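*Asks:* I would like the atomic coordinates for the input below:
(one chain, ligands or ions: 1)
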Amino acid sequence: MEYVLGHGTENDFVLLPDPDARLDLGPAAVRALCHRRRGLGADGVLRVAPSEDPGATWFMDYRNADGSIAEMCGNGVRVFARYLVEAGLESGREFDVATRAGLRHVTVGEGEVTVDMGPARIGAESTAIVPSTAGPVGSVTSFPGIAVDVGNPHLACVTGADVDALDLTVAPGYDPALFPHGVNVEFLSPLTDGLATRLRVHERGSGETRSCGTGTVAGAVAGLRAAGRDTGTVTVTTPGGVLQVGVEAGTTTLTGPAVLIARGEVELGGSDTEPYAFTRVAQVARA
Ligand SMILES: N[C@H](CCC[C@H](N)C(=O)O)C(=O)O
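*Replies:* Numbering: from 1, shown residues only. Alright, predicted model coming up:
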């Protein structure tokens, strides 16, 4: 089957065109496609399927690298929109995309893509637990944070600690009662006067990623709240690049680069129980 590789600030995806809605993507297939050594390598899969919502032509079927399904992916929908335009599947540059979290309006520019991410809902205060690499073995550090619903669940922690020094090789601990379906955890520095911050994320279902669109929205909302503000445009620097988050009354926007980098053919082998074997038939230069 055809695939396209793309990324938004290095949060990368395998796109699978499925115009006839015939692909049966089980968790094992997604894990195999996303595997960084045995597969194509990605943080997630975006199946490009016909929308059942009359408000959109296309539905973004998002899967995390571990094969789990998530409601929304902010970088993913930007890369998805770039693909729809470059593949000629949308004639305009502004349109809606259907997601499990609802319709999302996108504007596809030459370099950047903006998506209206809808409201980011602040929930309870909570804590993230991170193992300390500096202290004695087994020592941990607790970070206060707030739950933020961006269509998917987030725990956003504003901290004066050096976010670049955190060990995010393992999932931060969280309160399972507050996040029964798991959670994406963000760590961000307090906003500067110019509303800028540095952010890292450990994603539900994918581990630490270079950037997370919904996570930067959740972080921006938490950062503004910690600065005593409800609205503003926040510049979020992630390890994978810079994203702009607009927080207004009742809605949020996410703007940043979205790039397609390759396309090719991939065969899925094996069975649902056995690990999938791969035949990478061809990898064509630049899409
Ligand atoms: N791991 C997330 C989905 C992908 C989010 C991220 N890649 C983004 O750009 O929003 C979750 O399980 O809710």
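*Asks:* going forward, measure contacts and count neighbours with C-alpha atoms only.
*Replies:* Will do.
*Asks:* hang on, R225 is in a helix, isn't it?
*Replies:* Yes - under DSSP: H, G, I helix; E, B strand; the rest coil, R225 sits within a helix.
*Asks:* What is the burial count for it?
*Replies:* Residues near R225, counting by other Cα atoms under 10 Å, number 16.
*Asks:* who are the neighbours in contact with it?
*Replies:* Residues in contact with R225 (Cα atoms under 8 Å, 6 or more residues apart in numbering): none are found.
*Asks:* where does it sit relative to E186, distance-wise?
*Replies:* Using Cα to Cα, to the nearest Å, one obtains 15 Å as the distance from R225 to E186.
*Asks:* where do the helices sit along the stretch 151-287 of the chain?
*Replies:* Taking DSSP state H, counting those that start in this stretch as the criterion, the stretch 151-287 of the chain carries its helices at 213-226.
*Asks:* and it, which residues reach the ligand?
*Replies:* Of all the residues in the stretch 151-287 of the chain, those in contact range of the ligand (Cα under 6 Å from any ligand atom) are 152-153, 203-206, 212-215.
*Asks:* same thing but 5 Å
*Replies:* Within the stretch 151-287 of the chain, the positions near the ligand by Cα under 5 Å from any ligand atom are 152, 203-204, 212-214.
*Asks:* Of those residues, which pair is most distant in space?
*Replies:* For those, the maximum inter-member distance is 13.1 Å, found between R204 and G213 (Cα to Cα).
*Asks:* returning to that earlier point: could the residues of the stretch 151-287 of the chain next to the ligand go into JSON lines alongside distance to M117 and pLDDT?
*Replies:* Rendered in JSON lines, the data for those read as follows (distance: Cα to Cα, whole Å; pLDDT from 0 to 100):
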{"residue": "N152", "distance to M117": "11", "pLDDT": "98"}
{"residue": "E203", "distance to M117": "18", "pLDDT": "98"}
{"residue": "R204", "distance to M117": "19", "pLDDT": "98"}
{"residue": "C212", "distance to M117": "13", "pLDDT": "98"}
{"residue": "G213", "distance to M117": "9", "pLDDT": "98"}
{"residue": "T214", "distance to M117": "8", "pLDDT": "98"}
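*Asks:* immediately after the helix or strand hosting F95, which helix or strand?
*Replies:* Mapping F95 onto the secondary structure by DSSP states H and E places it in strand 94-99. Per DSSP H and E, strand 94-99 leads on to strand 102-108 as the next helix or strand towards the C-terminus.
*Asks:* What helices and strands are in contact with that following strand?
*Replies:* Using 3 or more Cα pairs under 8 Å, 6 or more residues apart in numbering; DSSP states H and E as the contact test, the elements touching strand 102-108 are helix 74-86, strand 94-99, strand 112-118.
*Asks:* same thing but 10 Å
*Replies:* In terms of contacts (3 or more Cα pairs under 10 Å, 6 or more residues apart in numbering; DSSP states H and E), strand 102-108 is packed against strand 58-64, helix 74-86, strand 94-99, strand 112-118, strand 251-257.
*Asks:* got the ones you listed as TSV, with mean neighbour count and mean pLDDT columns?
*Replies:* Formatted as TSV, the helices and strands packed on strand 102-108 follow (neighbours: other Cα atoms under 10 Å; pLDDT from 0 to 100):
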stretch	mean neighbour count	mean pLDDT
strand 58-64	25	98
helix 74-86	25	98
strand 94-99	21	98
strand 112-118	23	98
strand 251-257	22	98
